[in-house]
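A.B. asks: Just need the structure, nothing else, for what follows:
(chains A and B)
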Amino acid sequence: MIAILGLVIGVLVGLVVQPTVPVELQPYLPIAVVAALDALFGGLRALLDGIFDDRVFLTSFMSNILVAAFIVFLGDQLGVGTQLSTAVVVVLGIRIFSNAASIRRHLFKA
Amino acid sequence: MVARHAPSLAPERPVDASMTLLNELRRRPLDPGYAEAARRRALTGEGHGTVARVVSVVLAATLGIGVASATLSLRRPTADDRQARRLLEDEVGERKDAVEGLEAANARTAAQIAALQEAALRGEDPQLLESTRRWAVASGLGTVTGPGLRVVLTDAEAASENPEDLDLRVQDVDLQVLVNGLWAAGAEAIGVNGQRVGATTAIRSAGSAVLVDLVPLVGPYTVDAIGDAGAMQADLARSSAGQHVAMLRATYGIGLGMTSERALRLPPSPVTGLGWAVVPDDALLAAGLVDAPAKAVVPESGADDERDGP
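C.D. replies: Numbers count the residues shown, from 1 in each chain, chains lettered A, B, ... in the order given. Purely as a prediction, here's the structure:
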């Protein structure tokens, strides 16, 4: 729970301060944001399931972003950046959809 | 994940073994870590200490800032776009400055020519000087001041809502009709937004901009005509130009204002080309260029290009 609080504070600070992201990191941002979304939905579902855990949430959040960025980096080095990005987006997209469906079942019982 | 009463030595291959990745994704999208942590918590009792909580908050806040700034920077135009834009802006500014500098130099040279002309003619031929001055008014070479009529045409108010609808804007043809109507009504000199209109001045349009003497103008368009304001207004109202302007107001809602001004000042036209020049006979004789008094006509070579220019 406290991790979600911290995340909200962080997002608000980020929105107010608007720090600039280094140019070298720019290519990884879209995938990183999708990965963060996936972790966010996972955390929300765990919360509704009653098994939310700060440490797991933060670890999954961070590792998701790092792994996604690493895959894009690897893809760029190998010349298959776009395809790998697509693969990552497809996988994360499916997960986001399933988690969202589960959240919907929790909230609306339907 | 199939529950068995007795574990077999060689586990049976599930039918959909080749789709494990997809099944994994579809059936268990939630990170198994959550379930594991919950089980561990149930075994060992309630979880983390104060330090762990503080670390969690700091870490989460850092991640939040990172994600927020990443999202913001994805929505912002990239540095390249801004750089290209700034480059173009700089270039436009530079060119504008250059144009202004050239215009100023042009005006200086024109004033110099006029002064030299006057100085040369004053002693030699005062009559010619007088006629030159008279013609300077008609040709738009000299500054004209005096009372006159001011006509202001404004785009219709609806034009800002329908930027595509050119009918709601004052167009080149409207200014042409109005200027010709004012000439016909006896105007001695005419200027549009401070641009002097001479005998060869073109009023045209490029896109949605109106060009007078190739200078782009924006509305409201102020047409100053020097002359008898009352007579011009009456003549204009009776002419087809007056009808055209009245139609613009009635049909398209284009704003029209007419006032008689006591003192108008029209600057000379910046673009003047020398079309034709004659060297006086006695000057040729004095220079010893000809033996007998024969008239020499020296057409100015660049003049034609200048007049037919775009």
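
A.B. asks: host element of the residue nearest to A:Thr82 when sequence neighbours are not counted?
C.D. replies: Leaving aside its chain neighbours, A:Thr82 sits nearest to A:Gly75 (7.5 Å; criterion: CB to CB, 6 or more residues apart in numbering or on different chains). Backbone N, C-alpha and C define where each C-beta goes, glycine included. Taking DSSP states H and E as the definition, A:Gly75 sits inside helix A:54-78.

A.B. asks: what's that helix packed up against?
C.D. replies: If you count contacts as 3 or more CB pairs under 8 Å, 6 or more residues apart in numbering or on different chains; DSSP states H and E, helix A:54-78 packs onto helix A:2-17, helix A:29-49, helix A:81-108, helix B:32-44, helix B:50-75.

A.B. asks: my guess is the residue nearest to A:Thr82 meets A:Thr86, correct?
C.D. replies: No: assessed by CB atoms under 8 Å, A:Gly75 is found out of contact with A:Thr86, at 9.6 Å.

A.B. asks: who has more neighbours, the two?
C.D. replies: Comparing A:Gly75 with A:Thr86 by other CB atoms under 10 Å in any protein chain shown, the one with more neighbours is A:Gly75, at 20 against 12.

A.B. asks: low-scoring stretches of chain B, by residue?
C.D. replies: Scanning chain B for pLDDT under 70 picks out B:1-12, B:14, B:25-26, B:28-29, B:45-48, B:76-79, B:270-273, B:287-310.

A.B. asks: angle of the longest helix anywhere in it against helix B:50-75?
C.D. replies: Looking across chain B with DSSP state H, the single longest helix is helix B:79-124. With axes from the mean of the first three to the mean of the last three CA atoms, to 10 degrees applied, the angle from helix B:79-124 to helix B:50-75 works out at 40 degrees.

A.B. asks: Next secondary structure after helix B:79-124?
C.D. replies: Assigned by DSSP H and E, the successor of helix B:79-124 is helix B:126-139.

A.B. asks: And that following helix, what's buried?
C.D. replies: B:129, B:132, B:136-137, B:139 (16 or more other CB atoms under 10 Å in any protein chain shown).

A.B. asks: Now flag whichever of those residues is closest to chain A.
C.D. replies: Using CB to the nearest CB, B:Ser139 comes nearest to chain A of the buried residues of helix B:126-139, at 59.7 Å.

A.B. asks: Might one say that the closest one is in contact with B:Gly198?
C.D. replies: Yes: using CB under 8 Å, B:Ser139 is in contact with B:Gly198, at 5.7 Å.

A.B. asks: Quickly list what's touching both of the two.
C.D. replies: B:Ser269 (CB atoms under 8 Å, 6 or more residues apart in numbering or on different chains).

A.B. asks: Residue of chain A closest to chain B, please.
C.D. replies: For chain A, CB to the nearest CB, closest residue to chain B: A:Gly10, 2.1 Å.

A.B. asks: Now for that residue, how many residues are close by?
C.D. replies: Neighbour count of A:Gly10, defined by other CB under 10 Å: 23.

A.B. asks: OK, contacts around the spatially closest residue to it that is not a sequence neighbour?
C.D. replies: Closest residue to A:Gly10 apart from its sequence neighbours, by CB to CB, 6+ apart: B:Gly64 at 2.1 Å. The contact partners of B:Gly64, taken as CB under 8 Å, 6+ apart, are A:6-14.

A.B. asks: go on, B:Gly242?
C.D. replies: Per CB under 8 Å, 6+ apart, neighbours of B:Gly242: B:181, B:236.

A.B. asks: Please repeat the previous calculation with a cut-off of 6 Å.
C.D. replies: B:Leu236 (CB atoms under 6 Å, 6 or more residues apart in numbering or on different chains).

A.B. asks: For it, give its distance to B:Leu256.
C.D. replies: According to CB to CB, to the nearest Å, B:Gly242 and B:Leu256 sit 10 Å apart.

A.B. asks: per-residue confidence at the one residue sitting closest to the centre of chain A?
C.D. replies: By CA atoms, centre = their mean, chain A has its centre lying nearest to A:Ala36, at 1.4 Å. For A:Ala36, the pLDDT comes out at 87.

A.B. asks: Tell me the spacing between it and A:Phe57.
C.D. replies: 11 Å.

A.B. asks: do B:Val192 as well
C.D. replies: B:Val192 is 70 Å from A:Phe57, by CB to CB.

A.B. asks: The two: who's more crowded?
C.D. replies: A:Phe57 (28 against 24).

A.B. asks: My guess is the more buried one contacts A:Gly43. True?
C.D. replies: Yes: contact criterion CB atoms under 6 Å: A:Phe57 and A:Gly43 qualify, at 4.5 Å.

A.B. asks: What residue in chain B comes nearest to chain A?
C.D. replies: For chain B, CB to the nearest CB, closest residue to chain A: B:Gly64, 2.1 Å.

A.B. asks: now the helices: where do they sit in the stretch 151-300 of chain B?
C.D. replies: B:172-184, B:229-238, B:240-247, B:281-287 (DSSP state H, counting those that start in this stretch).

A.B. asks: ok, and what's touching the second one?
C.D. replies: Read it as helix B:229-238. B:148-149, B:181, B:185-186, B:242, B:260.

A.B. asks: same thing but 8 Å
C.D. replies: Residues contacting helix B:229-238 (CB under 8 Å, 6+ apart): B:147-149, B:181-182, B:184-187, B:225, B:242, B:245, B:258, B:260-261.
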